[in-house]
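Novice: let me see the structure of the following:
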Amino acid sequence: MIRLRDVTVSVPRPLPVLMLVDVSGSMAEDGKLSALNIAMRDMLRAFAEDDEATAEIHVAIIAFGGRTARVHVPLQPARTVTFEALTATGHTPLGAALELVTRIVDDAELIPSRAYRPTIVLVSDGVPTDAWEEPLARLLASPRASKATRLALAVGDDAELDVLERFAGAEYVRRAHEARQLRRFFSFVTMSVTVRSRSSTPNQLEPLPDLGVDDGFDDLLE
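Specialist: All right, here's what the predicted structure looks like:
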């Protein structure tokens with residue numbers, strides 16, 4: 001006879017995805033922010049509807065613009081996220097965003113030790129306007145944050161590619177020259193994360209998935 005106390009429920013391990021999103025004033029130009037909001041909604045919907053996942057995808061959105069960075073969506077399961085469109089203003093305080101994401105990843109209450117390796121995605125169209133090198137060095141020196149999978153998207157020709165390459169490594173940086181390429185990058189992020197969430201070894205890095213002959217992967221390369 002099976003006793004109630006002998007019945008255990010398997011709780012899926014979190015797979016955190018942290019989005020660092022540039023919402024400086026220039027993102028409001030040329031439809032960039034509109035495309036970003038659409039792509040973000042599509043990604044969140046795909047995460048929430050991923051019923052084949054063995055891991056539970058958790059998402060946080062950190063917006064940086066004006067004078068500082070702020071948590072737009074606190075880290076939580078993707079299925080519970082209510083996304084409100086981002087708005088753009090002011091400068092590009094990337095350093096503040098890097099400080100904030102490092103604190104979140106290092107917080108064992110927000111991301112417990114049983115969680116899978118986080119993914120950090122940086123999207124920016126400009127040049128940082130605050131001190132960013134020391135915050136990036138602290139992120140890369142953090143035992144937890146340094147192990148995160150890091151991806152970056154340079155939006156437009158004015159984005160500081162060198163900064164993004166120092167964040168993610170050159171092979172994990174793409175440049176989008178138009179809105180449709182921005183949405184395709186988010187499709188890559190979505191598929192990369194869902195592949196891991198369905199894997200028997202979600203901590204293992206998977207190559208970016210092939211979206212077919214029209215995937216735009218090559219033309220996103222710098």
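
Novice: tell me how many other residues crowd H72.
Specialist: 19 (other CB atoms under 10 Å). Backbone N, C-alpha and C define where each C-beta goes, glycine included.

Novice: could you say which helix or strand holds it?
Specialist: In this assignment (DSSP states H and E), H72 forms part of strand 68-77.

Novice: helix, strand or coil for T87?
Specialist: Three-state call for T87 (DSSP: H, G, I helix; E, B strand; the rest coil): coil.

Novice: so what's it up against?
Specialist: With contacts defined as CB atoms under 8 Å, 6 or more residues apart in numbering, T87 is in contact with 23, 28, 33.

Novice: surely V59 forms part of a strand?
Specialist: Yes: assessed with three-state DSSP, V59 lies in a strand.

Novice: from A48, how far out is it?
Specialist: V59 sits 9 Å away from A48, going by CB to CB, to the nearest Å.

Novice: identify the contacts common to those two.
Specialist: Residues touching both V59 and A48 (CB under 8 Å, 6+ apart): 78, 81.

Novice: between these two, who's got more neighbours?
Specialist: Per other CB under 10 Å, whichever of V59 and A48 has more neighbours is V59, with 26 against 15.

Novice: what's the pLDDT at the more buried one?
Specialist: On pLDDT, V59 comes in at 98.

Novice: OK, contacts around it?
Specialist: V59 is in contact with 16-19, 44, 47, 73, 75-78, 81, counting by CB under 8 Å, 6+ apart.

Novice: redo that, cut-off 7 Å
Specialist: Shown in contact with V59 (CB atoms under 7 Å, 6 or more residues apart in numbering): 17, 44, 47, 73, 76, 78, 81.

Novice: can you say which of these are buried?
Specialist: 17, 44, 47, 73, 78, 81 (16 or more other CB atoms under 10 Å).

Novice: and those residues, which two are furthest apart?
Specialist: Farthest pair in the buried ones among the contacts of V59 (CB to CB) is F47 and V73. Separation: 11.9 Å.

Novice: helix or strand for R150, which one?
Specialist: Using DSSP H and E, R150 sits in strand 149-155.

Novice: secondary structure class for A97?
Specialist: Taking three-state DSSP, the label given to A97 is helix.

Novice: burial measure for it, as a count.
Specialist: 26.

Novice: for it, list the residues it contacts.
Specialist: 20, 62, 64, 69.

Novice: dump the residues you listed to CSV, plus secondary structure, pLDDT and distance to L161.
Specialist: Shown next, in CSV, are the contacts of A97 (DSSP: H, G, I helix; E, B strand; the rest coil; pLDDT from 0 to 100; distance: CB to CB, whole Å):
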residue, secondary structure, pLDDT, distance to L161
L20, strand, 98, 16
I62, strand, 98, 21
F64, strand, 97, 18
A69, strand, 97, 21
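
Novice: can you list the low-confidence ranges for the chain?
Specialist: Residue ranges of the chain with pLDDT under 70: 1-9, 205-222.

Novice: pull out the buried residues from the host helix or strand of M191.
Specialist: Per DSSP H and E, M191 falls inside helix 179-198. Residues 179, 181-194, 196-197 are the ones in helix 179-198 that count as buried (16+ other CB under 10 Å).

Novice: name the SS class of A137, please.
Specialist: helix.
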